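Q: Provided below for reference: sequence and predicted model.
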Amino acid sequence: MSSYVDATSGTVDHCEAMANLHADLAETYKKIADLCRQKLWHQLTLTIIPFVSDSSNLRITSEGTNSFLALYDKVITTVEKKLNSLSLARVASAVADSLLDSDGTAAKAVLENLTAQSERLGVPATLFVESKLHLLTLNLLERAGGSLDKAQLQAINESLKSNKVKLQEMTVDTSTTMVHSAHYECAMKYRKAVGPPEAFFQEALAYLNYTPMDQMESPHNFAMDLSLAALTGDRVFHFGQVVMTPILTSLKGTPESWLMEFMHTMAKGDVVAFNQLSEKYAPEIQQQPALVHRAEAVKEKITLLALVNMVFERPSAERTLTFQEIADRIHVHIDQVEMVVMRALSLKLIEGNIDQVSQKVDVTWVMPRTLTQDQLQELSTRFGEWAVKVSKTADYMGEHTPALFA
């Protein structure tokens with residue numbers, strides 16, 4: 001007599017029961033059951049991942065439990081050794097997210113049980129699960145209110161540091177992009193909790209690099225946080241990195257669209273426009289404590305960016321600026337120009353020399369940065385002018401060189 005027991009029989013029974021209980025999801029549950037019978041594990045995860053990632057599919061089982069958790073316990077864990085590790089991690093993460101509001105302990109347990117199998121999962125899947133577990137922990141701490149648990153925050157910080165080293169050693173391809181995204185999403189959430197804004201900005205840029213907008217939980221909130229961090233963060237001057245991505249478009253037509261205007265103005269280093277926006281949106285600015293607290297730092301930033309853009313707009317051979325020219329461009333009194341230039345030099349925004357006697361600044365280098373469309377157009381025009389000069393020089397040499405050597 002055979003002692004063989006089909007391990008998938010229980011999974012099929014569960015799916016059939018759920019199909020009968022929830023007619024609107026019957027087709028999906030029947031498909032999952034069929035895939036289990038046929039042992040098509042890759043197709044199974046391709047079906048389950050989008051299913052559990054959509055909260056509108058969440059139901060209650062006949063036992064009164066979360067239907068995603070029941071699917072994970074009665075289907076996924078039964079065949080988990082046959083599944084791709086990263087796909088398994090994605091399913092577990094989606095299931096844990098569905099439990100965030102109702103049972104945080106159960107949510108953490110789903111991911112913690114997977115981290116205990118790190119040797120079998122491999123590095124990419126383990127990093128993904130650990131990132132999602134830390135992110136879940138940060139979300140639970142935030143929802144609990146009150147002061148954040150310092151011990152937990154310290155543990156998360158240490159894990160992020162360790163995992164970043166492993167991440168840098170890992171080959172980036174289409175299958176591991178989500179691992180990078182998960183790590184930087186967690187790092188970003190951590191920095192939002194503990195600061196400083198400039199650290200959040202760097203993590204957010206990395207997250208943006210690995211995460212399409214349609215895969216973000218809330219592009220609008222992300223764009224808000226990124227803009228505020230860029231405006232208030234210490235030594236954050238690369239606004240072009242943000243304005244040249246589509247993320248700011250998520251602010252269009254919303255009460256926070258003014259932030260997008262400020263970001264584009266900062267990227268251009270336009271002091272006049274900045275002052276106009278500051279006056280126009282004074283009530284909105286007052287609603288943002290970070291901007292109120294860092295008001296003077298933001299004003300200094302637009303002044304420095306005005307200087308940087310002034311230098312950039314000049315041909316490399318014409319970057320000797322008078323104090324008066326600088327004062328007119330950055331809208332400060334001429335007595336303040338030297339201090340502004342010294343500040344720009346100390347921050348490595350420019351390199352050069354100040355001639356106090358003749359009141360001139362000779363700039364030899366300006367910081368590299370991502371250019372806006374307007375700046376790219378200007379650079380294109382400059383290249384055209386340079387090409388004309390080169391052509392004229394070549395023609396001149398062609399006409400006069402024979403005479404020189406005759």
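A: Received, thanks.
Q: Under the pLDDT cut-off, which ranges of the chain? List them.
A: The model of the chain has pLDDT under 70 over residues 1-8, 146-147, 369-406.
Q: at 90 what do you get?
A: Along the chain, the parts satisfying pLDDT under 90 run over 1-11, 62, 64, 118-119, 141-151, 169-176, 240-241, 244-245, 312-318, 367-406.
Q: Where do the strands of it begin and end?
A: 320-322, 350-355, 360-366 (DSSP state E).
Q: Mean neighbour count and distance to Q117 added to those, as CSV?
A: Just so you know, the C-beta spots here come from the backbone N, C-alpha and C atoms, and that holds for glycine as well. CSV is the format used below for those (neighbours: other C-beta atoms under 10 Å; distance: least, C-beta to C-beta, whole Å):
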stretch, mean neighbour count, distance to Q117
strand 320-322, 17, 63
strand 350-355, 15, 53
strand 360-366, 17, 52
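Q: for the ones you listed, which one sits closest to H238?
A: Distance to H238, taken as C-beta to C-beta, is lowest for strand 360-366 among those, at 12.9 Å.
Q: quick one, that closest one and strand 350-355 angle?
A: With axes from the mean of the first three to the mean of the last three C-alpha atoms, to 10 degrees as the basis, strand 360-366 and strand 350-355 are set at 170 degrees to each other.
Q: list the helices and strands strand 360-366 packs on?
A: With contacts taken as 3 or more C-beta pairs under 8 Å, 6 or more residues apart in numbering; DSSP states H and E, strand 360-366 sits against helix 295-313, strand 320-322, helix 323-330, strand 350-355.
Q: Report all helices and strands that the shortest one contacts.
A: The contact analysis (3+ C-beta pairs under 8 Å, 6+ apart) places strand 320-322 against strand 360-366.
Q: next one: the strand it packs on to chain centre, how far?
A: Average the C-alpha atoms of strand 360-366, do the same for its chain, and the two points are 34 Å apart (C-alpha atoms, centre = their mean, to the nearest Å).
Q: can you check stretch 274-285 too?
A: The answer for stretch 274-285 is 26 Å, by C-alpha atoms, centre = their mean.
Q: Equivalent analysis for stretch 243-250, please.
A: The answer for stretch 243-250 is 11 Å, by C-alpha atoms, centre = their mean.
Q: Determine how far the last residue of it lies from the first.
A: 12 Å (C-alpha to C-alpha, to the nearest Å).
Q: Next, the buried residues of it.
A: Neighbour-count burial for stretch 243-250 flags V243, M244, T245, I247, L248, S250 (criterion: 16 or more other C-beta atoms under 10 Å).
Q: As JSON lines, those residues with distance to V129 would be great.
A: Converted to JSON lines, the buried residues of stretch 243-250 look like this (distance: C-beta to C-beta, whole Å):
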{"residue": "V243", "distance to V129": "35"}
{"residue": "M244", "distance to V129": "33"}
{"residue": "T245", "distance to V129": "28"}
{"residue": "I247", "distance to V129": "27"}
{"residue": "L248", "distance to V129": "32"}
{"residue": "S250", "distance to V129": "29"}
